[in-house]
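**Q** predicted model and sequence follow; I will ask about them next.
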Amino acid sequence: MAQQQAPPAAQAPIVVVVDEVQITSDAALVLAPGAQHVKDHTPCLSWTTVYDNAGAVTNYTLGQSDAKGAFLPRCRFSVDQQTGTLLDGNHVLNVLFNGAFWSRLLTALDAANLFATSMEKIGVLHQRLAGLAMANPGVWVVSHSDIFLAVVPVVPGPQDLLFLTQLPLRALEAGGELPLLLYSLLSFHLGPIATRAARLPPAAPARLTAGLLQGAIVQSVGAAAANPTMLALQIPRLLKGASLPVIFQSTSADPHTRLEDFTDLLRMQAGGVDERRRIEERRIMLATSLGALYQLVIQPSPSVSTANTLVSRLAAKILTAPQLKLSLADQLAILATAVHDRQHLVQPGASAEDAVTALVAEDLQEAALRKHGREGLLLRSRAIGLLCLREHPRAAGWGCGWS
């Protein structure tokens, strides 16, 4: 008689502790060492590893601002009266979430395999959240029992943060796949301010981010937005219309790098086509793969007119062969048509990496002909050329015999 197999063991719950009394370090989430995979697969977040005197890991900590920014977008607030009253009377600076809530949410996300692979950018994490299949959709609902409030400091906070206290959290809730995305983005970029607002130095990222918000709103609405309440009510509209495509996001968890991301996010919204192109071209180096390039160009782009230039700059950066002695201008000119009149090279069912490799290889091989006038050096076999690119895409010289 065949022996029955035991069912797979359930994943251990992720236990999160949040001190609701002695709130320090942004009311940090404290996770046990067993949650190392959560930390390891979210390098875009500012995790801290705590060790004991013997050098063993005792826990991992993550600030609430990072946790909100990462894991809250798909959540939504309960419509019950108690939750509504609590949200209407408080704001982004003093609303925090307790350990039971984070334990429930992170355990459910882990069971749905969110942390099975690494997510280097916050936008990648949000994309995976949007498409995640959850066994219990009720886990996304946030109610009054999940919330606690930070004690307002006796010393008043900086005046440049005052307008944030006029923004009801309900105003940051929207429809779609990620109802609390605006709230998450605002928390993520403001950083740890709930318990330290009264003593934040002028150069703190939170105060700089608040200044950027105010400036963008005044520029958009006019001097009438100088009133704190008017400023606050414009934040949802501003954030809803702003976006920094994932391909252009940084991979660093450094708060000042995040500030640069937020600055460019606002500039891309407020500026014209030329401003957007300048930002895209400067940030193209942040694309992490040929597949990302393929997604940017083959599929619709926010600025289609600059797609060819973006192709050129990224391809020039990651596939440049110094032996060709091509200037940047030459590379841009050579690669400018890499997509629109070369799509016949992309085989049906080809991976993104293979598709872009084929497109770029075609133009670089023709470039060698035009640059050196030596047809004998052109690789007769396209397969050999593609193999060189696929096996050594970042190598200094490809090893293909060009001089």
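**A** That came through fine. Numbers count the residues shown, from 1 in each chain.
**Q** can you give me the helices for the stretch 1-150 of the chain?
**A** 36-40, 64-71, 81-88, 99-111, 122-130 (DSSP state H, counting those that start in this stretch).
**Q** and the third one, what does it pack against?
**A** In other words, helix 81-88. strand 76-77 (3 or more CB pairs under 8 Å, 6 or more residues apart in numbering; DSSP states H and E). From N, CA and C alone the C-beta is placed, and that goes for glycine too.
**Q** same deal with the shortest one?
**A** Counting contacts by 3+ CB pairs under 8 Å, 6+ apart, helix 36-40 is packed against strand 57-62.
**Q** list the helices and strands the strand it packs on packs on?
**A** Using 3+ CB pairs under 8 Å, 6+ apart, strand 57-62 sits against strand 29-31, helix 36-40, strand 48-51.
**Q** quick one: contacts of it?
**A** 25, 28-33, 35-36, 38-39, 45-52 (CB atoms under 8 Å, 6 or more residues apart in numbering).
**Q** buried residues, stretch 48-66. List them.
**A** By 16 or more other CB atoms under 10 Å, the buried positions in stretch 48-66 come out as 59-66.
**Q** among those, give me the pair with the biggest separation.
**A** With CB to CB as the measure, no two of the buried residues of stretch 48-66 lie farther apart than Asn59 and Ser65, at 18.5 Å.
**Q** hang on, the earlier thing: comparing the helices of the stretch 1-150 of the chain, which comes out most buried?
**A** For these, the largest average neighbour count (mean count of other CB atoms under 10 Å) is found in helix 64-71, namely a mean of 25.
**Q** average pLDDT for that helix?
**A** On average, the pLDDT along helix 64-71 is 95.
**Q** who touches that helix?
**A** Residues contacting helix 64-71 (CB under 8 Å, 6+ apart): 18, 26-29, 42, 44-46, 96-97, 102, 105-106, 109, 122, 125, 129, 183-185, 187-194, 253.
**Q** inside strands: which ones of those residues?
**A** Judged by DSSP state E, the subset of the contacts of helix 64-71 located in strands is 29, 96-97.
**Q** residue ranges with poor pLDDT in the stretch 251-400 of the chain?
**A** Low-confidence segments of the stretch 251-400 of the chain (pLDDT under 70): 281, 284-400.
**Q** can we see that at 50?
**A** 290-291, 293-308, 310, 312-314, 316-346, 352-353, 363-364, 367-368, 371, 373-400 (pLDDT under 50).
**Q** of the ones in strands among the contacts of helix 64-71, which is the most crowded?
**A** Counting neighbours by other CB atoms under 10 Å, the top entry in the ones in strands among the contacts of helix 64-71 is Leu29, with 26 neighbours.
**Q** so what's it up against?
**A** 16-18, 61-64, 67, 99, 102.
**Q** so who does the nearest residue to Asp146 once chain neighbours are set aside touch?
**A** Excluding the flanking residues, the one nearest Asp146 by CB to CB, 6 or more residues apart in numbering is Phe101, at 3.7 Å. Counting by CB under 8 Å, 6+ apart, Phe101 touches 142, 146-147.
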